[in-house]
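Peer 1: only geometry, no sequence info:
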């Protein structure tokens, strides 16, 4: 049954690692922005679960919410295994496609109007929360791409520097909880985001096979020849 398993190149190198990340961030932002503002159907609200009802609105957790950009950068830059990062790259693309398909075909929205920010917050928190709600419409709820992306990022360290995994997973968990405390997402969006991250991880870390890029194979052979001489 090996013929059913696709083989992909481990394309990341020290030279293209940063440019590839920059290009992907731009592409992902465009994909999210289009689905966020131009859904194919009118977005629908989901029923509030008991978790949504019980968890209070905690505006200051917006700082944890925004730390998703930091966890991406720290994890990507501190990971050392380029083959591992190539797998993460493919899994991230799959995660982005899965969530955006949901956003297009089954758009959902959150009733933010029930949770006004208020003016009693300190100026920095008020500014960053207003910026969040201004640039991100209440759409693109289910499944949470915010959750899926940070959980998937923590899985990098299941395959290298394993001692870092508890820290990154705990960080991802806090960010996931903050999507509910900032009233950006339903609780259902959180568990579905975890599911998307786990599926993407299983497929691209454990099912798909990989091969080195041809140029890297040649370079490796040359290094081997030099060492043997």
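Peer 2: All right, it came through fine. Predicted model, so just to flag it, every value in this text is computed and none were measured.

Peer 1: how much space between the residue found closest to residue 66 once you drop the neighbours it is linked to in the chain and residue 59?
Peer 2: Once flanking residues are discounted, residue 66 sits nearest to residue 128: 6.4 Å by C-beta to C-beta, 6 or more residues apart in numbering. (Each C-beta comes from the backbone N, C-alpha and C, glycine too.) Using C-beta to C-beta, to the nearest Å, one obtains 10 Å as the distance from residue 128 to residue 59.

Peer 1: State whether the residue nearest to residue 66 is indeed within a helix.
Peer 2: Yes: counting by DSSP: H, G, I helix; E, B strand; the rest coil, residue 128 is located in a helix.

Peer 1: just the strands in the protein please.
Peer 2: 7-10, 44-45, 108-109, 209-212 (DSSP state E).

Peer 1: Which secondary structure elements does the lengthiest helix in the chain sit against?
Peer 2: With secondary structure taken from DSSP state H, the chain has its longest helix at helix 82-105. On a contact count with 3 or more C-beta pairs under 8 Å, 6 or more residues apart in numbering; DSSP states H and E, helix 82-105 meets strand 7-10, helix 17-37, helix 145-154, helix 187-202, strand 209-212.

Peer 1: Would you mark the buried spots in it?
Peer 2: For helix 82-105, burial by neighbour count (16 or more other C-beta atoms under 10 Å) applies to 82, 84-96, 98-100, 102-104.

Peer 1: same question for that helix, mean pLDDT?
Peer 2: Helix 82-105 shows a mean pLDDT of 97.

Peer 1: so what's residue 196 up against?
Peer 2: Applying C-beta atoms under 8 Å, 6 or more residues apart in numbering to residue 196 gives the contacts 95, 98-99, 143, 148.

Peer 1: roughly how far apart are the closest residue to it other than its chain neighbours and residue 213?
Peer 2: Take residue 196 and drop its neighbours on the chain: the residue closest to it by C-beta to C-beta, 6+ apart is residue 148, 4.3 Å away. Look at residue 148 and residue 213: by C-beta to C-beta, they are 28 Å apart.

Peer 1: Same question for residue 190.
Peer 2: 37 Å.

Peer 1: These two: which has the busier surroundings?
Peer 2: residue 190 (23 against 14; other C-beta atoms under 10 Å).

Peer 1: Distance check, that one against residue 180.
Peer 2: With C-beta to C-beta as the criterion, residue 190 and residue 180 are 6 Å apart.

Peer 1: got it, and residue 158?
Peer 2: 25 Å.

Peer 1: between those two, who's got more neighbours?
Peer 2: Ranked by neighbour count (other C-beta under 10 Å), residue 158 and residue 180 place residue 180 first, with 25 against 15.

Peer 1: So the residue nearest the centre of the chain versus residue 74, what's the distance?
Peer 2: Nearest residue to the geometric centre of the chain (C-alpha atoms, centre = their mean): residue 149, 1.3 Å. Per C-beta to C-beta, residue 149 is found 14 Å from residue 74.

Peer 1: And the residue nearest to the centre of the chain, what's its pLDDT?
Peer 2: At residue 149, pLDDT is 98.

Peer 1: Next: residue 5.
Peer 2: Looking at residue 5, its pLDDT stands at 83.
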